[in-house]
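Asks: one predicted model, sequence on top.
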Amino acid sequence: MKRWLLIPVALFSLVLAVPSSQGGLFGRKKGCASDCAAPTQCVVGYRNETRTVTVNEYVTEARTVNVTEYQTVAETRNVTRYKTEEVKETKPVTFTVYERVKEVRNEEYYVCEAQTKPETRTYTIQERVETPKTGTRRVSKPVTKTEARTVTRDMGHWETQCSEVVCSSGSSCGGRKGLCGRRKSCGGCESECVQTRLVSRKVWVAQPVTTTENVTFTTCEWVNENYNYVEVSYKPVTKTETVNVTTNVTVKKSRPVEVWTSKPVTKTENRTFVSYKSTPVTEAVTVNVCRPVTVARTVNVRVCRPVTKTVEVRVPVYGTIECATPTYSSGCDSGHHHK
């Protein structure tokens, strides 16, 4: 805890020690304004006093503690090891080997030979047979004919005719111009004005005339006609012929050949065998072992210790005063003029 915090702690302890009936350390006494005729106890000043207080502070101390450490220690141990030794031994061995031997053998084999033989074969062919015949067929032939027909012809002509057509109609007031070229006033707005003119135009005048005439025309007629044709047919004919046929025949033959074969032969010989024998051997070996060791160490430790200190505090001074001015709301205010 820091030292500048000691003064507020001492002041707080002093405030708790002052009775509440006296208005506290810095307060005013209650009831001074209600009874100003009788003498009262009020704060008339302050004085400095030296007081002893106890505070807690952190202090660094040196302490001796036991610490467990691990150290490497050399130790001697007996270790059993196996030593391998080589042992040689000669023994007779009987074994079988295969030797190559040349022999002559008869080998049979097959060959394919071509042989030709005459052979009679019978086969069937289709012969063409042509037969002339006469048939009848229908054909279309053009025929010219003349017959009387009724014919109607228009023997009319063109004429020029004159007719009267309306060129303008409508109200005389505000109407549009008609086909006559300009509007003609009819003398009033209530009557209608109608204008006409003569127009000439060509008109065809029909004059149908019916007559009987001989008309020559060509038409097609179906007639029967005889014609000659050849009918073709085929008939089977069996024939016989002799041909040479070549075939392949398998023939068995033999021949001498030389071959190499392997024959087993038994032999005996001395051979050296090598074996290995393990023998246990005890030896002293130095090994490094990690062992725990307790060691005293001095370390710095922060501890909280009570410390007694002397501090100066302001203490209020209480006295008896009279309320000289009855207009004050509180007679305790006069005590603040004394220092």
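Replies: Good, I have the coordinates. Residues are numbered from 1 along each chain as shown.
Asks: list the buried residues of stretch 288-306.
Replies: Across stretch 288-306, burial judged by 16 or more other Cβ atoms under 10 Å covers no residue at all. In this view, the C-beta of every residue, glycine as well, is placed from N, C-alpha and C.
Asks: show the average pLDDT along that stretch.
Replies: In this model, stretch 288-306 has an average pLDDT of 88.
Asks: quick thing: my sequence starts at 57, can you match it?
Replies: Done: numbering now begins at 57, and the last item shifts to stretch 344-362.
Asks: and that stretch, how far out from the chain middle?
Replies: The chain centroid and the centroid of stretch 344-362 are separated by 63 Å under Cα atoms, centre = their mean, to the nearest Å.
Asks: which residues sit against it?
Replies: Outside stretch 344-362, the residues within contact range by Cβ atoms under 8 Å, 6 or more residues apart in numbering are 110-131.
Asks: could you redo the last one with a cut-off of 10 Å?
Replies: With contact meaning Cβ atoms under 10 Å, 6 or more residues apart in numbering, stretch 344-362 is reached by 57, 110-131, 133.
Asks: neighbours around residue 252, how many?
Replies: Residues within reach of residue 252, counting by other Cβ atoms under 10 Å, total 14.
Asks: got it, and residue 99?
Replies: Neighbours of residue 99 under the rule other Cβ under 10 Å: 21.
Asks: report the distance from the one helix or strand it maps to to the chain centre.
Replies: Element membership for residue 99, per DSSP states H and E: strand 96-210. Put simply, strand 96-210 sits 25 Å off its chain's centre (Cα atoms, centre = their mean).
Asks: next SSE after it?
Replies: Heading C-terminal from strand 96-210, the first helix or strand you meet, by DSSP H and E, is strand 213-224.
Asks: return the alpha-carbon coordinates of that following strand using PDB.
Replies: C-alpha atoms of strand 213-224 as PDB (Å, rounded to 0.1, in the frame of the first residue of the first chain):
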ATOM      1  CA  HIS A 213     -71.100  -3.200-129.500                       C
ATOM      2  CA  TRP A 214     -69.900  -0.100-127.600                       C
ATOM      3  CA  GLU A 215     -72.200   3.000-127.300                       C
ATOM      4  CA  THR A 216     -71.600   6.500-126.000                       C
ATOM      5  CA  GLN A 217     -74.400   7.500-123.600                       C
ATOM      6  CA  CYS A 218     -75.200  10.800-121.800                       C
ATOM      7  CA  SER A 219     -76.600  10.900-118.300                       C
ATOM      8  CA  GLU A 220     -77.300  13.500-115.700                       C
ATOM      9  CA  VAL A 221     -75.400  13.100-112.400                       C
ATOM     10  CA  VAL A 222     -75.500  15.100-109.100                       C
ATOM     11  CA  CYS A 223     -72.300  17.200-108.600                       C
ATOM     12  CA  SER A 224     -73.100  19.000-105.300                       C
END
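Asks: what's the angle between the helix or strand that it is followed by and strand 213-224?
Replies: Where DSSP H and E defines the elements, the next helix or strand beyond strand 213-224 is strand 251-261. Strand 251-261 runs at 160 degrees relative to strand 213-224, counting by axes from the mean of the first three to the mean of the last three Cα atoms, to 10 degrees.
Asks: now do strand 251-261: distance to the chain's middle.
Replies: 90 Å.
Asks: now do the buried residues in that strand.
Replies: Neighbour-count burial for strand 251-261 [16+ other Cβ under 10 Å]: residue 251.
Asks: who does the following helix or strand past that strand pair up with?
Replies: Note on strand 251-261: by DSSP H and E, the next helix or strand toward the C-terminus is strand 264-377. Counting by DSSP bridges, the strands paired with strand 264-377 are strand 96-210 (antiparallel).
Asks: circling back to that earlier point, show the average pLDDT along the strand holding residue 99.
Replies: Throughout strand 96-210, pLDDT has a mean value of 89.
Asks: ditto for stretch 372-387
Replies: Mean per-residue pLDDT for stretch 372-387: 58.
Asks: could you do stretch 294-307 as well?
Replies: 91.
Asks: measure how far it is from the centre of its chain, please.
Replies: Taking the mean of its C-alpha atoms, stretch 294-307 sits 77 Å from the chain's own mean (Cα atoms, centre = their mean).
Asks: not counting its own residues, what contacts that stretch?
Replies: The contact list for stretch 294-307 (Cβ under 10 Å, 6+ apart) reads 165-181.
Asks: quick revisit: quick check on the contacts of stretch 344-362: which are buried?
Replies: Buried subset of the contacts of stretch 344-362 (neighbour count, 16+ other Cβ under 10 Å): residue 111.
Asks: this structure - how does it break down into domains?
Replies: Listed by automatic domain parsing, the domain ranges of the chain are 59-125+344-393, 199-283.
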